[in-house]
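[1] structure for the following, please:
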Amino acid sequence: MTREAVIETPRLELHHIAASELISLFETPEDSWIFEGKSFTNPHRELMDNSGPLAWRVPQVKLDPGVNKWFVRWIVFKLSREIIGSTSFHGSPDAQGMIEIGLGINQRFQNKGYGFEALTGMWSWASTHPEVKTLRYTVSADNLASIALVDKFGFEHVGQQLDEIDGPEEIFELSVEKFKTLKF
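    Numbers count the residues shown, from 1 in each chain. Here you go, the predicted structure:
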């Protein structure tokens, strides 16, 4: 089972989900083997009751298991050892080196800085890969909390798009070069 190294931030661990676990989590979310031997629990049933990004990521992994390196990570709160959300890039970097990310924090844990911390960890990890040149975050114009989040990083608004699932979205980008100069 291939799994990327854990990304650590001050309060969080971002645990990569192996391809076989990702597929099982989507197709048979009640399978307990996914959590066997793990140092954390999933009391809030993250990605079990609502599959979130799995509907898009699982077909991608089935076509090319190698792309899973960029995909879903559990967001684990270190103090309680519980999963409080998940984060995932939408795919590997495109031909121009752009990579887009998604984030979901359980409602009980929102507005505590965990989203900022998880994104910092993920983008720091992605920035170590030379093929990644641009970080992208897309969000609905009425999601003021997420827009404030990308503003903290200094992302630039570069346009809009119509997502077939989420509807109209604002597009924000930041170069890896600029990201690497930020102090957290």
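[2] using the three-state scheme, assign the nearest residue in space to V139 that is not next to it in sequence.
    Setting aside the residues directly before and after it, V139 is nearest to S146 in space (CB to CB, 6 or more residues apart in numbering), at 4.3 Å. The way it works is simple: take the backbone N, C-alpha and C, and place the C-beta from them, glycine included. Under DSSP: H, G, I helix; E, B strand; the rest coil, S146 falls in the helix class.
[3] hmm, T138 and S146 touching each other?
    No - using CB atoms under 8 Å, S146 is not in contact with T138; the gap is 9.3 Å.
[4] those two - which one has more neighbours?
    Between S146 and T138, counted using other CB atoms under 10 Å, the more crowded position is T138 (20 against 17).
[5] so the more buried one sits right up against G167, yeah?
    No - with contacts counted by CB under 8 Å, T138 stays clear of G167, the gap being 11.1 Å.
[6] now the strands for the protein?
    Under the criterion DSSP state E, the chain contains strands at 7-8, 12-16, 73-77, 82-89, 98-105, 134-139, 156-163, 167-175.
[7] using PDB, write out every CA atom in the lengthiest helix in the chain.
    Criterion DSSP state H: the longest helix present in the chain is helix 114-126. Provided in PDB are the C-alpha atoms of helix 114-126 (Å, rounded to 0.1, in the frame of the first residue of the first chain):
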ATOM      1  CA  TYR A 114      -7.300  24.700  11.100                       C
ATOM      2  CA  GLY A 115      -8.100  25.400   7.400                       C
ATOM      3  CA  PHE A 116      -5.300  27.900   7.200                       C
ATOM      4  CA  GLU A 117      -2.900  25.400   8.900                       C
ATOM      5  CA  ALA A 118      -3.900  22.500   6.600                       C
ATOM      6  CA  LEU A 119      -3.500  24.600   3.500                       C
ATOM      7  CA  THR A 120      -0.100  25.900   4.700                       C
ATOM      8  CA  GLY A 121       1.000  22.300   5.200                       C
ATOM      9  CA  MET A 122      -0.300  21.100   1.800                       C
ATOM     10  CA  TRP A 123       1.000  24.000  -0.200                       C
ATOM     11  CA  SER A 124       4.400  23.800   1.600                       C
ATOM     12  CA  TRP A 125       4.600  20.100   0.600                       C
ATOM     13  CA  ALA A 126       3.500  20.800  -3.000                       C
END
